[in-house]
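dropping the sequence and predicted coords here.
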Amino acid sequence: MRTGLILRRRQADKASNAINGGSRLAVSRHIVLAIALSLMSAASLSAQPQPPAPPPPSSQPEHPLAAQMRQLLAAGKIADALAASEAQLKASPKDAAVVALYIELRMSIVRQAVAAQKFAQAEALLKAVLAAQPGHASAGKMLKVIDTARAGLDKALADADELLRLERFEQAAALLAQCAGLTPDQPARWKPSWMMAVVGAGDDQYLMHNYEAALPFYAQALELGAGEGPGSENLLWRWAHCYTMNLARSADLPRTTEQWAGIIDEAKDRFNTARADQLGTFLLALGHHNTGSPAKAIPAYRQLLGGNAPAIAPNTPPQQEAVTLRTAATSYVDSLNRSHLLDRRSGAWAMVLPGDQISRKDGRIVVRAPNDLVARRVLEAVKYHAPRLAAYLGGGDADLNWPVDYTVIVQAKPDDKLNDLIVPSYTRIDSQKGTLVRQETVCMQSDALLIGATVPHELTHVLISRLAGYPPVPLAIDEGLAIHAETTARYLMFHRSLTNAGGASLTVAQLLAANRLPPLAQRTRFYAECYNLVAWLMTLGKPAKVIDLARLTATMPATDALLKTYNIADLPTAEKAYRTFLEDQGLVRTR
């Protein structure tokens with residue numbers, strides 16, 4: 001968040017999966033592996049490997065091997081289909097049709113193995129293809145990509161460890177998943193870090209009550225064995241809580257009685273804590289309600305809520321009463337969120353040393369914090385993100401040669417300003433006639449997203465001002481770009497607030513005209529709308545073009561700057577294009 005003489009910044013964009021503030025560029029050379037392999041595969045992925053399509057009636061009869069493979073694949077017997085083609089190739093190595101079918105089956109499975117990051121399996125199949133046809137170009141190229149990636153495994157693992165220190169858990173998890181796919185026989189090299197990454201990524205989402213996003217990370221963690229041994233109870237609870245809340249938020253989706261029975265059976269396998277009884281009761285109520293038995297759901301909801309059940313008017317129809325109770329029960333179960341038990345900011349991190357704050361300095365970056373651990377970690381994060389974000393926004397190293405220090409103050413206790421913010425941080429940038437005189441960020445020691453999200457968010461404000469020449473940048477542009485620099489957790493929370501409120505409602509002109517944050521109750525929606533505005537602008541050009549827009553606002557109204565920067569005929573045309581973008585994203589306007 002930006003305050004001070006220059007407090008005008010804005011947000012937008014839904015392309016955070018593509019870059020997430022530029023900092024994902026750090027691992028792009030590794031993540032490109034799966035993309036490169038996929039692009040080398042001419043055919044698209046299919047649910048199951050498929051034999052060649054049946055020939056048209058006028059052509060020759062179907063080859064016996066093709067018919068056999070088709071039957072085996074239809075029955076889900078992929079291993080048998082591979083074995084059959086292997087045996088046929090040994091029997092008829094010169095039969096061109098057999099060779100073609102043998103290769104086509106394996107390349108189809110390779111494409112799926114690559115998509116699932118099972119690179120060792122893909123490698124074995126590619127070698128088999130090259131043995132059958134030594135000159136197969138696609139197989140040779142794909143095998144070379146895998147070999148190159150494996151040769152760079154030590155560097156990839158080191159990069160993943162750096163991302164873990166920077167608390168960019170989702171990026172680390174994606175990179176470590178590829179490392180695991182390249183060396184499935186060497187779990188000691190990647191498993192502990194991968195487990196830490198997926199738990200951290202799940203916790204980021206859980207902190208923001210993004211249960212649907214957290215669930216697959218926690219499930220992966222449990223699959224890796226994180227739910228075993230001492231200290232695992234809280235992780236099992238978080239999985240169960242996400243599992244239950246995810247079902248509650250999709251309670252109106254049609255499910256059969258058998259499906260609900262399976263859901264409850266899966267839950268019982270892991271619901272082994274005291275409060276899990278509450279989750280189980282809630283699931284039973286949801287199941288009865290969803291399958292058309294509100295009369296059975298009502299007592300279960302009331303059992304869960306106890307004295308917190310809302311008053312229901314006499315003669316209220318059971319279906320209406322069940323809906324009211326479900327809403328109350330969902331809020332109650334959401335309140336059981338155990339984010340406060342996460343230990344990310346406990347222990348040595350939480351220490352507050354007596355006397356003045358500890359200071360660390362590197363060039364123009366100064367960090368003041370309650371203890372040296374916090375100061376070191378924050379300084380490391382600023383140094384890591386600064387060049388990457390500058391490049392992402394269209395700048396370079398020269399743009400980091402600030403005329404004054406950039407100071408980050410990490411506070412143990414919030415000041416009045418921090419108490420009024422959803423994102424627990426703010427940045428003050430003061431300039432006089434285009435000359436920078438102060439740039440300072442204030443943030444909280446206890447912020448669970450401080451290293452991975454808050455630091456790059458606030459640093460983005462500093463870089464936007466630098467690159468734009470210190471004009472009063474529109475608030476929506478400033479905040480929208482800053483949210484792009486974060487991990488995904490806060491935006492998903494903002495987005496949920498927006499969709500729960502009926503979707504986007506502000507126009508382009510209204511967003512560009514906003515010069516202060518709305519009241520606290522409306523702020524999460526506003527952040528989401530700012531993010532979406534920038535997301536739309538990202539579809540029209542690179543981030544550097546958004547900076548061009550910000551720069552132009554010093555000499556003309558923001559809407560005129562928008563039209564000029566993106567060569568749009570007039571404001572109605574821009575509004576129509578933005579509305580179309582929102583509709584494509586499922587964010588239909590309410591007015």
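The structure has been received and is ready for your questions. For clarity, every value in this text was computed on a predicted model and none was experimentally measured.

and the spatially most central residue of the chain, what are its phi and psi?
Centroid-nearest residue in the chain, with C-alpha atoms, centre = their mean: residue 488, separated by 4.3 Å. Backbone torsions for residue 488, taken as degrees, to the nearest 10, come to phi -80, psi -10.

what's the distance between it and residue 441?
Distance, residue 488 to residue 441, using C-beta to C-beta, to the nearest Å: 21 Å. C-betas here are computed from N, CA, C, even on glycine.

go on, residue 513?
Residue 513 is 26 Å from residue 441, by C-beta to C-beta.

again with residue 479
Residue 479 is 14 Å from residue 441, by C-beta to C-beta.

higher neighbour count, the two?
The neighbour count for residue 479 versus residue 441, taken as other C-beta atoms under 10 Å, is higher for residue 479 (32 against 26).

chain center to the strand or helix carrying the more buried one: distance?
Secondary structure from DSSP states H and E places residue 479 in helix 475-484. Relative to the centre of its chain, helix 475-484 is centred 17 Å away, using C-alpha atoms, centre = their mean, to the nearest Å.

which stretches of the stretch 451-591 of the chain form helices?
Listed in chain order, the helices of the stretch 451-591 of the chain (DSSP state H, counting those that start in this stretch) span 455-468, 475-484, 489-500, 508-513, 520-540, 543-552, 558-566, 571-584.

out of those, deepest packed?
helix 475-484 (a mean of 30; mean count of other C-beta atoms under 10 Å).

any idea of the mean pLDDT in that helix?
Mean pLDDT, helix 475-484: 96.

so how far is residue 519 from the residue lying closest to residue 446 once chain neighbours are set aside?
Of all residues not flanking residue 446 in the chain, residue 345 sits nearest, at 5.2 Å (C-beta to C-beta, 6 or more residues apart in numbering). Using C-beta to C-beta, residue 345 is found at 28 Å from residue 519.

and what of residue 233?
40 Å.

who has more neighbours, those two?
residue 233 (12 against 7).

the more buried one and residue 296, how far apart?
Distance from residue 233 to residue 296, by C-beta to C-beta: 31 Å.

ok, now residue 243?
21 Å.

who has more neighbours, the two?
Neighbours were counted for residue 243 and for residue 296 using other C-beta under 10 Å; residue 243 has more, 22 against 16.

how is the more buried one classified with respect to secondary structure?
helix (DSSP: H, G, I helix; E, B strand; the rest coil).

surely it touches residue 267?
Yes - between residue 243 and residue 267 there is a contact under C-beta atoms under 8 Å: 6.3 Å.

what's near enough to touch residue 102?
By C-beta atoms under 8 Å, 6 or more residues apart in numbering, the residues touching residue 102 are 85, 86, 88, 89, 132.

these: which two are farthest apart?
Within the contacts of residue 102, 88 and 132 form the most distant pair, 11.3 Å apart (C-beta to C-beta).

report the contact partners of residue 438.
Contacts of residue 438 (C-beta under 8 Å, 6+ apart): 4, 404, 428, 429, 430.

before we move on, back to that, and the contacts of residue 102, which is closest to residue 101?
residue 85 (6.1 Å).

next helix or strand past whatever helix or strand the closest one lives in?
Assigned by DSSP H and E, residue 85 falls within helix 78-91. Per DSSP H and E, helix 78-91 leads on to helix 96-115 as the next helix or strand towards the C-terminus.

buried residues in that following helix?
Going by neighbour count (16 or more other C-beta atoms under 10 Å), the buried part of helix 96-115 is 98-114.

what's the average pLDDT for stretch 331-351?
For stretch 331-351, the per-residue pLDDT averages 88.

quick check: mean pLDDT of stretch 531-541?
96.

next one: stretch 366-383
For stretch 366-383, the per-residue pLDDT averages 96.

swap in stretch 278-285?
For stretch 278-285, the per-residue pLDDT averages 89.

mind saving the C-alpha coords of that stretch as CSV?
Extracted as CSV, the C-alpha positions of stretch 278-285 are listed here (Å, rounded to 0.1, in the frame of the first residue of the first chain):
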residue,chain,number,x,y,z
GLN,A,278,-17.6,-31.1,14.5
LEU,A,279,-16.4,-31.4,11.0
GLY,A,280,-18.0,-34.8,10.6
THR,A,281,-21.3,-33.5,12.0
PHE,A,282,-21.1,-30.7,9.5
LEU,A,283,-20.4,-33.1,6.6
LEU,A,284,-23.4,-35.3,7.6
ALA,A,285,-25.6,-32.2,7.6
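
contacting residues around that stretch?
240-241, 244, 247-248, 260, 263-264, 267-268, 271, 297, 300-301, 303-304, 325-326, 329, 333, 336.

same question for stretch 254-271.
Here stretch 254-271 has contacts from 222, 227, 236, 239-240, 243-244, 247, 277, 279-280, 283-284, 286-287, 290-291, using C-beta under 8 Å, 6+ apart.

which residue ranges of the stretch 151-300 of the chain form helices?
153-165, 169-182, 187-207, 211-223, 233-249, 257-270, 276-290, 294-305.

just name the most buried of the ones you listed.
helix 169-182 (a mean of 24).

could you give the angle of that one to helix 489-500?
Counting by axes from the mean of the first three to the mean of the last three C-alpha atoms, to 10 degrees, helix 169-182 lies at 110 degrees to helix 489-500.

so for helix 169-182, what's the average pLDDT?
Mean per-residue pLDDT for helix 169-182: 95.

which other helices and strands contact that helix?
Helices and strands touching helix 169-182, by 3 or more C-beta pairs under 8 Å, 6 or more residues apart in numbering; DSSP states H and E, are helix 28-40, helix 119-132, helix 137-151, helix 153-165, helix 187-207.

and the third one, what does it pack onto?
Using 3+ C-beta pairs under 8 Å, 6+ apart as the contact definition, the elements that helix 137-151 packs against are helix 28-40, helix 96-115, helix 119-132, helix 169-182.

one more time with 7 Å
Packing partners of helix 137-151 (3 or more C-beta pairs under 7 Å, 6 or more residues apart in numbering; DSSP states H and E): helix 28-40, helix 119-132.

what's the mean pLDDT across it?
On average, helix 137-151 scores 92.

could you do the longest one as well?
Per-residue pLDDT values over helix 187-207 give a mean of 96.

quick one, it and helix 233-249 angle?
50 degrees.

can you check the fourth one too?
Following the same axes, to 10 degrees, one obtains 80 degrees for the angle between helix 153-165 and helix 233-249.

hmm, who's touching helix 153-165?
Contact partners of helix 153-165, identified using C-beta atoms under 7 Å, 6 or more residues apart in numbering, comprise 26-27, 30, 171-172, 175-176, 179, 182-183, 189-190, 193, 196-197, 380.

spatially, what comes nearest to residue 253 if we skip its sequence neighbours?
Looking at residue 253 with C-beta to C-beta, 6+ apart, the closest residue is residue 290, at 7.9 Å.

hang on, that neighbour packs against residue 251?
Yes - counting by C-beta atoms under 7 Å, residue 290 touches residue 251, with 5.9 Å between them.

what's residue 409 in contact with, if anything?
368, 440, 441, 442.

how much space separates the third one from residue 237?
Separation of residue 441 from residue 237 (C-beta to C-beta) stands at 35 Å.

the last one now?
Computed with C-beta to C-beta, the distance linking residue 442 and residue 237 is 34 Å.

check which helix or strand covers residue 73.
Using DSSP H and E, residue 73 falls in helix 64-74.
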